[in-house]
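Asks: Next input, structure requested:
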Amino acid sequence: MTDGLTIRTYRSDDRAAVTALWRACGLVVPHNDPEADIARAAGQPNSDILLGLLADDGIAASVMVGHDGHRGWLYYVAVSPEARGRGHGRAMVAAAEDWLRARGIPKAQLMIRDTNAAVRDFYAGLGWNESPRIVMERWL
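Replies: The predicted model follows:
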């Protein structure tokens, strides 16, 4: 528990609340299917979704975490607008980092959309560094 936040793993009955949180935080864009992302990540050997719950508000925060055996990745780091400024984002990132450490993954990464650059300072304050890389993609 951190500042009233209890962190646990995703359960199937959380789906509607989680997708609503991601939409409220602006994390869902037309080419993302949050339902498919949840189905691929929740409770898998190399990935999971961690949720931050507040006793009075239910699901207030999330992080999807996974790894490829070498690098860990964080996705859907979200804190509801009403619950921001109370350390919940920091707690969710720390929980994801702990999840990766427990699996022997030495490096964590995340990507920030250029339209969401304001969060850069948040991650820098947690000790994350920019990594000069070019990310390429191909839709399959």
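Asks: Which pLDDT value goes with the residue found closest to residue 128 once you drop the neighbours it is linked to in the chain?
Replies: Nearest-residue entry for residue 128: residue 110, 7.5 Å, with adjacent residues in sequence omitted and distances by Cβ to Cβ, 6 or more residues apart in numbering. Backbone N, C-alpha and C define where each C-beta goes, glycine included. On the pLDDT scale, residue 110 is placed at 94.
Asks: Same question for residue 1.
Replies: Residue 1 carries a pLDDT value of 48.
Asks: Same question for residue 55.
Replies: Reading off the model, residue 55 has pLDDT 89.
Asks: what about the spatially closest residue to it that is not a sequence neighbour, distance to residue 117?
Replies: In space, and not counting its chain neighbours, residue 55 is closest to residue 4: 6.8 Å by Cβ to Cβ, 6+ apart. In this view, residue 4 and residue 117 are 29 Å apart by Cβ to Cβ, to the nearest Å.
Asks: what stretches of this structure score poorly on pLDDT?
Replies: Applying pLDDT under 70 to the chain flags the ranges 1-2.
Asks: residue ranges for the helices of it, please.
Replies: Secondary structure of the chain (DSSP state H): helices located at 15-24, 34-41, 88-102, 120-125.
Asks: Tell me which of those sits nearest to residue 59.
Replies: helix 15-24 (4.5 Å; Cβ to Cβ).
Asks: got the angle for that closest one vs helix 34-41?
Replies: 120 degrees (axes from the mean of the first three to the mean of the last three Cα atoms, to 10 degrees).
Asks: CA atoms only for helix 15-24 - export them in PDB, please.
Replies: The C-alpha trace of helix 15-24 is given here as PDB (Å, rounded to 0.1, in the frame of the first residue of the first chain):
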ATOM      1  CA  ARG A  15     -11.700  -4.900 -17.900                       C
ATOM      2  CA  ALA A  16     -14.300  -2.200 -18.200                       C
ATOM      3  CA  ALA A  17     -12.700  -0.100 -15.400                       C
ATOM      4  CA  VAL A  18      -9.200  -0.400 -16.900                       C
ATOM      5  CA  THR A  19     -10.200   0.500 -20.400                       C
ATOM      6  CA  ALA A  20     -12.200   3.500 -19.000                       C
ATOM      7  CA  LEU A  21      -9.100   4.600 -17.100                       C
ATOM      8  CA  TRP A  22      -6.900   4.400 -20.200                       C
ATOM      9  CA  ARG A  23      -9.400   6.400 -22.200                       C
ATOM     10  CA  ALA A  24      -9.700   9.000 -19.500                       C
END
